[in-house]
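1. sharing a model prediction with you, sequence too.
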Amino acid sequence: MKISCGTDIIEIERIQKSIENLGEKFLQTIFTKEEIEYCEARKVQKYQHYAARFAAKEAAFKALSGAIKEGMDWQLFEVKKCENGKPELNIKCEVKNLENVDISISHCKQYAVANVVAVLK
């Protein structure tokens with residue numbers, strides 16, 4: 001068994017500027033339709049939620065890069081919110097020997113951070 005971890009932190013302002021400057025092209029490259037709908041529904045705090053999902057995708061690539069068969073595609077990973085409020089990582093590709101994956105995300109006014117821990121056979 002191997003435990004693999006990935007962590008990422010991002011400035012929320014950096015994601016906000018990317019969205020403002022590149023618009024739909026940036027959003028549709030990085031985020032799934034469901035992630036965009038979720039973040040847009042957050043109105044004032046939408047950039048914090050976008051940044052947290054961006055950090056989660058980066059952390060997932062770091063944790064799973066050696067086990068992913070496909071090339072890097074931002075939409076291979078989707079962050080969903082469970083009924084209890086906990087985030088969940090939906091992986092849309094084959095990951096070699098993946099037994100379990102857990103994700104934690106957090107954000108404040110300036111930063112968003114994510115941590116992904118994967119258990120591989």
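-> Structure received.
2. any idea how far the closest residue to residue 35 other than its chain neighbours is from residue 66?
-> Leaving out its chain neighbours, the residue that sits closest to residue 35 by C-beta to C-beta, 6 or more residues apart in numbering is residue 53, at 5.5 Å. C-beta coordinates here come from the backbone N, C-alpha and C atoms, glycine included. Distance, residue 53 to residue 66, by C-beta to C-beta, to the nearest Å: 23 Å.
3. show me where this structure has its helices.
-> Using DSSP state H, the helices of the chain run over 12-22, 24-30, 33-40, 46-64.
4. please work out which of these is packed deepest.
-> helix 46-64 (a mean of 23; mean count of other C-beta atoms under 10 Å).
5. quick check: angle from that helix to helix 33-40?
-> Between helix 46-64 and helix 33-40, the angle comes out at 140 degrees (axes from the mean of the first three to the mean of the last three C-alpha atoms, to 10 degrees).
6. export helix 46-64 as PDB, just CAs?
-> This file holds the C-alpha atoms of helix 46-64, laid out as PDB (Å, rounded to 0.1, in the frame of the first residue of the first chain):
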ATOM      1  CA  LYS A  46     -17.900  32.800  -5.900                       C
ATOM      2  CA  TYR A  47     -14.200  33.500  -6.500                       C
ATOM      3  CA  GLN A  48     -13.300  31.800  -3.200                       C
ATOM      4  CA  HIS A  49     -15.200  28.700  -4.300                       C
ATOM      5  CA  TYR A  50     -13.600  28.800  -7.800                       C
ATOM      6  CA  ALA A  51     -10.100  29.100  -6.200                       C
ATOM      7  CA  ALA A  52     -10.800  26.300  -3.700                       C
ATOM      8  CA  ARG A  53     -11.800  24.000  -6.600                       C
ATOM      9  CA  PHE A  54      -8.700  25.100  -8.600                       C
ATOM     10  CA  ALA A  55      -6.500  24.200  -5.700                       C
ATOM     11  CA  ALA A  56      -8.200  20.900  -5.300                       C
ATOM     12  CA  LYS A  57      -7.600  20.000  -8.900                       C
ATOM     13  CA  GLU A  58      -3.900  20.900  -8.500                       C
ATOM     14  CA  ALA A  59      -3.600  18.900  -5.300                       C
ATOM     15  CA  ALA A  60      -5.300  15.900  -7.000                       C
ATOM     16  CA  PHE A  61      -2.800  16.000  -9.900                       C
ATOM     17  CA  LYS A  62       0.100  16.100  -7.400                       C
ATOM     18  CA  ALA A  63      -1.300  13.200  -5.400                       C
ATOM     19  CA  LEU A  64      -2.300  11.000  -8.400                       C
END
